[in-house]
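Enquirer: Quick one: sequence plus predicted model below, questions after.
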Amino acid sequence: MTALLGLADPERENALLLAIVEAVSAGPAVEPLAAAVAALITGATTTDVCFVHVLDDAERSLTLAGATPPFDEQVGRIRLPLGSGVTGWVASHREPAVIVENKEADPRYVPIPALRGTEFTSMASVPMATGPAGLVGVLNVHTVARRAFTDRDVRLLLVIGRLVAGALHQARTHRRLVARERAHERFTEQAIAAQEAERRRLAGDIHDGISQRLVTLSYHLDALSHALIVDPDEAVEQLRVARGLVDLTLDEAQAAIGGLRPPVLDDLGLAGGLASLARSLPGVEVGLELADERLPEHMEIALYRIAQECLQNILKHARARTAQMIFHVEDGRARLEVTDDGEGFEPDADSDGYGMQSMTERAELVGGELRVVSRRGGGTSVTATVPVPPTPTNGTLVA
């Protein structure tokens, strides 16, 4: 261990090992662990400042999760896309980077004013990675005075990074589980509220529509029974009105039933039902590529409702001109994808919406998953993937 870390003093080695143990035992939260790691590294490498950037849950960017003072005030505020700056380059290439001086001349360097990079001359950046978890983050150390970081220095950083990567990965996993549990609790509350609201709506529809028409129908039937004897022409008129009320009542009953179980799935199948949904979207041209496959009933309902929510979001929020709906079944997996060319949004910022959470829950309840890709001004893509037994392909509808 001494040769690997380049530490000649056994006491320093023991102190470093103890510090690493204490750092990884700081608790399940990412930020306290990253802060402890940052303090540990500056002491172990005799550098002036350390930044610990941790890979976000979406694995598309890095967030500053730990830093030595005074930069600890920037924790959570600095986000770097993969490939951006020296840190992003290290994350993308999984290779260390050393800049001894004149950082501005390095094409990889992107200044971050909040981190006051101009005050530091030299830097070393290494990936934090572990076998099971892969890339977890990036460690950066900086010095005010010029320092030619040696291979030993880089190996030291890499070893420390590997030692703490597993703990950081566990901390990230714990954070995701906590967030998922809280989101599930919020969804449960919202779902119960939505169910109660839907029950009230259905009760109102039945009372104001079906019940009132049935009461009116009974009056006309009473009038018909009297008119049959004294005024046959009036009886015919009452019969005509009664027939019209029966038709209206049936229409309202079917609409109420459709709110609970889409009858179009029974009549047209999933592909036909999805095509019917797309045709009902006003002002948006929807291209279709739909496999004519039948799935278990609960899966068809889940995918139909996900598509319905997607199209409603496009209509209400996206301001899109065109959209595309794709439904395929291949290799035991059904995939529903709905994309649009609308305004887009930031999924991390808008993920608390009931509609988005509802779609996620519907996919997960049938053993699948939902993936949302969107950005401001760049449209949105929602993909639901559900495992199903493989079935023969009967054809494809393309529009």
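Expert: Alright, I've got the coordinates.
Enquirer: partner residues bridging the nearest residue to residue 55 once chain neighbours are set aside?
Expert: Once flanking residues are discounted, residue 55 sits nearest to residue 137: 5.4 Å by C-beta to C-beta, 6 or more residues apart in numbering. The C-beta positions use only the backbone N, C-alpha and C, and glycine is treated the same way. Counting by DSSP bridges, residue 137 forms beta bridges with residue 54, residue 128.
Enquirer: mind listing what residue 137 touches?
Expert: Residue 137 makes contact with 34, 52, 53, 54, 55, 62, 65, 91, 127, 128, 165, 168, according to C-beta atoms under 8 Å, 6 or more residues apart in numbering.
Enquirer: Which of the three states applies to the last one?
Expert: I take that to be residue 168. Recorded secondary structure, residue 168: helix (DSSP: H, G, I helix; E, B strand; the rest coil).
Enquirer: what's around residue 141, how many residues?
Expert: 26 (other C-beta atoms under 10 Å).
Enquirer: again with residue 331
Expert: Other residues within reach of residue 331, judged by other C-beta under 10 Å, total 7.
Enquirer: Phi, psi for it please.
Expert: Main-chain torsions, residue 331, degrees, to the nearest 10: phi 50, psi 40.
Enquirer: Give me the pLDDT for it.
Expert: Looking at residue 331, its pLDDT is 88.
Enquirer: now residue 86
Expert: 93.
Enquirer: Residue 37 now?
Expert: pLDDT, residue 37: 79.
Enquirer: That one: helix or strand, and which one exactly?
Expert: Using DSSP states H and E, the element containing residue 37 is helix 30-45.
Enquirer: starting at the chain centroid, how far to that helix?
Expert: Centroid separation between helix 30-45 and its chain, computed with C-alpha atoms, centre = their mean, to the nearest Å, is 30 Å.
Enquirer: same question, stretch 321-330
Expert: 19 Å.
Enquirer: Show me which positions of that stretch end up buried.
Expert: Within stretch 321-330, the residues that count as buried by 16 or more other C-beta atoms under 10 Å are 323, 324, 325, 326, 327, 328, 329.
Enquirer: now the strands for this structure?
Expert: For the chain, applying DSSP state E gives strands covering 49-55, 61-67, 79-81, 97-99, 122-130, 134-143, 285-291, 322-330, 333-340, 369-374, 380-387, 396-398.
Enquirer: which other helices and strands contact the fifth one?
Expert: For strand 122-130, the contact count by 3 or more C-beta pairs under 8 Å, 6 or more residues apart in numbering; DSSP states H and E identifies helix 85-93, strand 97-99, strand 134-143, helix 151-205 as packing neighbours.
Enquirer: Select, out of the ones you listed, the one closest to residue 301.
Expert: Distance to residue 301, taken as C-beta to C-beta, is lowest for helix 151-205 among the helices and strands packed on strand 122-130, at 15.1 Å.
Enquirer: that older thread, what are the buried residues along the helix holding residue 37?
Expert: Buried positions in helix 30-45, judged by neighbour count with 16+ other C-beta under 10 Å: 30-31, 33-42, 44-45.
Enquirer: ok, the closest residue to residue 358 other than its chain neighbours - how many residues close by?
Expert: Nearest residue to residue 358 in three dimensions, chain neighbours excluded: residue 309, at 6.4 Å (C-beta to C-beta, 6+ apart). Counted with other C-beta under 10 Å, residues neighbouring residue 309 total 18.
Enquirer: is it true that residue 309 touches residue 357?
Expert: No. Using C-beta atoms under 8 Å, residue 309 is not in contact with residue 357; the gap is 10.4 Å.
Enquirer: any idea which of the helices and strands packed on strand 122-130 is most buried?
Expert: strand 134-143 (a mean of 24; mean count of other C-beta atoms under 10 Å).
Enquirer: mind exporting it as PDB, just the C-alpha atoms?
Expert: Provided in PDB are the C-alpha atoms of strand 134-143 (Å, rounded to 0.1, in the frame of the first residue of the first chain):
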ATOM      1  CA  GLY A 134     -18.700   2.400 -13.400                       C
ATOM      2  CA  LEU A 135     -18.100   6.200 -13.400                       C
ATOM      3  CA  VAL A 136     -19.300   7.900 -10.200                       C
ATOM      4  CA  GLY A 137     -17.700  11.300 -10.500                       C
ATOM      5  CA  VAL A 138     -14.600  13.300 -11.000                       C
ATOM      6  CA  LEU A 139     -12.000  14.600  -8.400                       C
ATOM      7  CA  ASN A 140     -10.200  17.900  -9.100                       C
ATOM      8  CA  VAL A 141      -7.400  19.400  -7.100                       C
ATOM      9  CA  HIS A 142      -5.900  22.900  -7.700                       C
ATOM     10  CA  THR A 143      -2.800  24.700  -6.400                       C
END
